[in-house]
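# Could you work out the structure for the sequence below:
(chains A, B and C)
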Amino acid sequence: MAVHVREHRLRWPVSPQLKELLAGHRVHQVGRRAKYVLLEFGHGTLAIHLGMSGSLRLSTCQSAPGKHDHVDLVLEEGTVLRYNDPRRFGAFLWLSGNHPDPFVKNLLDHQGVEPLGPILTGDWLWERTRARQMAVKQMLLAGKEVAGVGNIYASECLFRAGIHPLRPCARISRQRYGSLVHSIREVLSEAIVQGGSTLRDFVDSAGRAGYFQNAHRVYGREGQPCLRCGAPIRMIRQGQRSTWYCARCQR
DNA sequence: AGAATAACCTGCGTGC
DNA sequence: TGCACGCAGGTTATTC
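The predicted structure follows:
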């Protein structure tokens, strides 16, 4: 793999050694942990985060890089995986196989459990939140317990589970955590099948927009009728982020 | 220790 | 048309 870094200033500076570290090496396996894409090489792992506005698209070497095309991963003759990120909230982090960078290692170790994995159950989440006064929506968004539930999906999951976003974690029953976990799995699975939610410019590796935004039941629907009961959907601010919910269906 | 707030960026829509 | 402002898919660092 050949690497071209045109802009090092991402969320953290891209390692100046990245080009040398990957030159001539092959990707053994592609994985993921939380929202980090993991490209595993024999001698270490490249962890890529797309931030809020990043995308990885397959392109041809001949195509000229455009605005905000910060990194090229040249895969083979004629093919390049190109990273574009207007806001530069994304990251390219090198995790060495022999001497793991403690910063990167901690970063991945401190992520919540996989939302579609076997550890997450209603009972598990109930036990983890007995002493937490934080609002359930902010707990989901923080990602310390469950990874991968972003701002769109936190609102959607809570609506489907019938849980009010402001409800303190410690005041949700074991049974209702069961509903929440079921909703998390359902919402994320559906969104994946539908290619994600394109609000503005989100695209997959082939440049295709997602269409889960058409399945949003509360996100972005302030003032519009609840699809279940007809009451107007409300929007509130929680920690600098917007939350949408139905005051009648969610308690 | 848990929780709230600030910070990192660019682009776009809105209102004056 | 221009400009100031607020907001946007995320997550860590800092402060309280």
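# Please make it C-alpha for all contacts and neighbour counts, starting now.
Noted.
# which non-adjacent residue is nearest residue A:209?
If the residues on either side of it in the chain are set aside, residue A:209 comes closest to residue A:203, at 4.6 Å by C-alpha to C-alpha, 6 or more residues apart in numbering.
# Distance-wise, check that neighbour relative to DNA strand C.
6 Å (C-alpha to the nearest atom of the strand, to the nearest Å).
# Tell me how far that residue lies from residue A:151.
18 Å (C-alpha to C-alpha, to the nearest Å).
# Likewise for residue A:191?
Distance from residue A:191 to residue A:151, by C-alpha to C-alpha: 13 Å.
# Likewise for residue A:64?
Using C-alpha to C-alpha, residue A:64 is found at 34 Å from residue A:151.
# More neighbours: which of these two?
Taking other C-alpha atoms under 10 Å, residue A:64 and residue A:151 do not tie; residue A:151 has more neighbours (18 against 9).
# for residue A:149, what are its contacts?
A:115, A:140, A:141, A:143, A:184, A:188 (C-alpha atoms under 8 Å, 6 or more residues apart in numbering).
# list the helices and strands the one helix or strand the last one maps to packs on?
In other words, residue A:188. Secondary structure from DSSP states H and E places residue A:188 in helix A:174-193. Under the contact criterion of 3 or more C-alpha pairs under 8 Å, 6 or more residues apart in numbering; DSSP states H and E, helix A:174-193 touches helix A:122-128, helix A:151-161.
# returning to that earlier point: hmm, the residue nearest to residue A:209 is touching residue A:210, no?
Yes: contact criterion C-alpha atoms under 8 Å: residue A:203 and residue A:210 qualify, at 6.6 Å.
# ok, stretch A:50-63 near DNA strand B or not?
No: if you take C-alpha under 7 Å from any atom of the strand as the test, stretch A:50-63 misses DNA strand B, and the best it gets is 8.3 Å.
# residue contacts, residue A:40?
Counting by C-alpha under 8 Å, 6+ apart, residue A:40 has contacts A:27, A:28, A:29, A:30, A:31, A:46.
# and of those, the nearest to residue A:135?
residue A:31 (31.6 Å; C-alpha to C-alpha).
# Against residue A:41, how distant is the closest one?
Shown here: residue A:31 relative to residue A:41, a distance of 11 Å by C-alpha to C-alpha.
# give me the residue from the stretch 151-251 of chain A nearest DNA strand B.
Here the residue of the stretch 151-251 of chain A nearest DNA strand B is residue A:239; by C-alpha to the nearest atom of the strand that distance is 5.0 Å.
# can I assume residue A:32 sits in a helix?
No: when classified by DSSP: H, G, I helix; E, B strand; the rest coil, residue A:32 is found to be strand rather than part of a helix.
# if you skip the residues just before and after it, what's nearest to it?
Closest to residue A:32 by C-alpha to C-alpha, 6+ apart is residue A:38, at 5.1 Å.
# For stretch A:200-209, buried residues please.
A:202, A:203, A:209 (16 or more other C-alpha atoms under 10 Å).
# nope, stretch A:13-29 is what I meant
Neighbour counts using 16+ other C-alpha under 10 Å place A:14, A:18, A:21, A:22, A:27 of stretch A:13-29 among the buried residues.
# same question, stretch A:150-169
Neighbour counts over stretch A:150-169 (16+ other C-alpha under 10 Å) mark A:151-169 as buried.
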